[in-house]
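Undergrad: Here's a sequence, model it:
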Amino acid sequence: MTAPPEPAVGAAPLPVVVLLGRCPRCGRGHLFKGLLAIRSTCPACGVDLAAQDAGDGPAVAGIFILGALTVIAAIIVDIRYEPPLWVHAVLWPIVITPLAILLMRAAKALLIGLQWRHHGGALE
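TA: This is a model prediction of the structure:
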């Protein structure tokens with residue numbers, strides 16, 4: 001196992017680079033090929049990203065963090081404004097869906113960046 005390559009002079013720290021959706025090796029290529037799908041190779045440096053896998057961690061983060069915050073917000077809205085049930089049924093999916101995607105994307109990128117750093121740029 002080799003150490004990960006040193007970042008270029010003036011490059012942002014690894015967590016910042018991956019949270020921006022960039023390659024953990026070069027910091028230039030895009031990490032994602034869609035909303036949540038990881039590219040198989042970096043278009044800038046050609047590094048193989050196929051072995052990088054965040055597993056279920058991002059989904060669990062979304063369930064625990066976003067789920068708890070949404071329940072708290074729904075209770076506060078219900079106590080303060082007493083809206084009809086259909087308002088909750090319309091409001092919360094509109095709020096939760098984009099936040100869940102953003103949270104899972106950030107968590108996935110961060111976990112891949114941490115794997116890259118702690119496994120020397122490759123996973124066996």
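
Undergrad: List the contacts of the residue nearest the centre of the chain.
TA: Centroid-nearest residue in the chain: A106, 2.1 Å away (criterion: Cα atoms, centre = their mean). By Cβ atoms under 8 Å, 6 or more residues apart in numbering, the residues touching A106 are L19. Where C-beta positions appear, they are placed from N, C-alpha and C, glycine not excepted.

Undergrad: Secondary structure class of it, three-state.
TA: helix (DSSP: H, G, I helix; E, B strand; the rest coil).

Undergrad: And for G34?
TA: Following three-state DSSP, G34 is assigned to coil.

Undergrad: And for it, the neighbour number?
TA: Using other Cβ atoms under 10 Å, G34 is surrounded by 8 other residues.

Undergrad: Not counting its neighbours along the chain, what's nearest G57?
TA: Leaving aside its sequence neighbours, G57 sits nearest to L111 (Cβ to Cβ, 6 or more residues apart in numbering; 5.2 Å).

Undergrad: Give me the buried stretch members for the strand or helix carrying that neighbour, please.
TA: Element membership of L111 [criterion: DSSP states H and E] is helix 85-118. Using 16 or more other Cβ atoms under 10 Å as the test for burial, helix 85-118 gives 96, 100, 103-116.

Undergrad: May I have the secondary structure class of A54?
TA: A54 - assigned by three-state DSSP - is coil.

Undergrad: In which helix or strand does I79 reside?
TA: Going by DSSP H and E, I79 is in helix 67-81.

Undergrad: And that helix, what does it pack against?
TA: Using 3 or more Cβ pairs under 8 Å, 6 or more residues apart in numbering; DSSP states H and E as the contact test, the elements touching helix 67-81 are helix 85-118.
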